[in-house]
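*Asks:* build me a structure from this.
(chains A and B)
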Amino acid sequence: EDQVTQSPEALRLQEGESSSLNCSYTVSGLRGLFWYRQDPGKGPEFLFTLYSAGEEKEKERLKATLTKKESFLHITAPKPEDSATYLCAVQEEGTYKYIFGTGTRLKVLA
Amino acid sequence: GAVVSQHPSWVICKSGTSVKIECRSLDFQATTMFWYRQFPKQSLMLMATSNEGSKATYEQGVEKDKFLINHASLTLSTLTVTSAHPEDSSFYICSARVIGVNTEAFFGQGTRLTVV
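*Replies:* Reported below is the predicted structural model:
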């Protein structure tokens, strides 16, 4: 059964304290893995797409990496405005449907 | 970037009435749109896949007659919650995929439905 697990469930960081969020997945064939950011009461905002193991993408303080079993979202020197829920989703080959993880709620303290 | 607009942002309705939610892709065409439901502090649960010009495909456990989906054009999909009850109160979100090679979807801002 296809599955996406994110950890930790919640994370509190001091401003400037770098950390990583994990997304473990089980899927028969991966079409793509996606990272989104969601603010309270809003829809998810697209961050990255990763297609194959070894791929990396960067945007400002965020860097996403992918292996055959998991993806990491590295946050370097976070700021309070990085506080949000970060969602990971996978697409299986042959479909465009997403399977979402439960998200990591990140709080960055000033 | 690709923009998906969802309307209304929030709605309060009486039990037994129907509510329509619109999802528009503003600057691109989308043959496929998706409708999700999200409960507080939980992830997005796919309700149905909406295909332009054809019937929607519903996920297991989602009532087709309660959640009517229409995808009349390449830029508009609607979700109608019929005979709404308090248990239908939730955050509903749509997404659309740009036609072409890229597989990422872009999401609307969501609709908070409260049934009283």
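*Asks:* correct me if wrong: residue B:16 contacts residue B:84.
*Replies:* Yes - Residue B:16 lies in contact with residue B:84 (Cβ atoms under 8 Å); the separation is 7.1 Å. Placement of C-beta: from N, CA and C, glycine included.
*Asks:* of these two, who's got more company?
*Replies:* residue B:84 (22 against 10; other Cβ atoms under 10 Å in any protein chain shown).
*Asks:* which positions in chain A make contact with chain B?
*Replies:* Residues of chain A found near chain B (Cβ under 8 Å from any Cβ of the partner chain) are A:31-32, A:34, A:36, A:41-46, A:49, A:87, A:91, A:96-98, A:100-103, A:105.
*Asks:* for chain A, what is the nearest residue in chain B?
*Replies:* Nearest residue of chain B to chain A: residue B:107, at 3.7 Å (Cβ to the nearest Cβ).
*Asks:* is it true that that residue touches residue A:47?
*Replies:* No - the criterion here is Cβ under 8 Å, and residue B:107 misses it with residue A:47 at 11.8 Å.
*Asks:* now for those two: what residues contact both?
*Replies:* Listed as contacting both residue B:107 and residue A:47 by Cβ atoms under 8 Å, 6 or more residues apart in numbering or on different chains are residue A:36.
*Asks:* who has more neighbours, these two?
*Replies:* Comparing residue B:107 with residue A:47 by neighbour count (other Cβ under 10 Å), the higher total belongs to residue B:107, at 23 against 19.
*Asks:* okay, and the beta partners of that one?
*Replies:* Beta bridges link residue B:107 to residue B:95 when assigned by DSSP bridges.
*Asks:* show me what contacts it?
*Replies:* By Cβ under 8 Å, 6+ apart, the contact set of residue B:107 is A:36, A:43, A:44, A:45, A:46, B:4, B:93, B:94, B:95.
*Asks:* cutoff 7 Å now
*Replies:* With contact taken as Cβ atoms under 7 Å, 6 or more residues apart in numbering or on different chains, residue B:107 is in contact with A:43, A:44, B:4, B:93, B:95.
*Asks:* from those residues, which two are the most distant?
*Replies:* Maximum pairwise distance among those (Cβ to Cβ): 10.5 Å, between A:44 and B:4.
*Asks:* just to revisit the earlier point, just the buried residues out of the residues of chain A next to chain B, in PyMOL syntax.
*Replies:* Selection of buried members from those for PyMOL, criterion 16 or more other Cβ atoms under 10 Å in any protein chain shown:
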select buried, chain A and resi 31+32+34+36+42+43+44+45+46+49+87+91+96+97+98+100+101+102+103+105
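*Asks:* so of the residues of chain A next to chain B, which ones are in helices?
*Replies:* Among those, no residue falls in helices (DSSP state H).
*Asks:* so what's the residue of chain A at minimum distance from chain B up against?
*Replies:* When scored by Cβ to the nearest Cβ, chain A has residue A:43 as its residue closest to chain B, at 3.7 Å. For residue A:43, the contact set (Cβ under 7 Å, 6+ apart) comprises B:93, B:107, B:108, B:109, B:110.
*Asks:* where does the prediction get shaky in chain B?
*Replies:* In the predicted model, chain B carries pLDDT under 70 at residues B:1, B:101-102.
*Asks:* how about the residues of it near chain A?
*Replies:* B:32, B:42-44, B:46, B:49, B:93, B:97, B:103-110, B:112 (Cβ under 7 Å from any Cβ of the partner chain).
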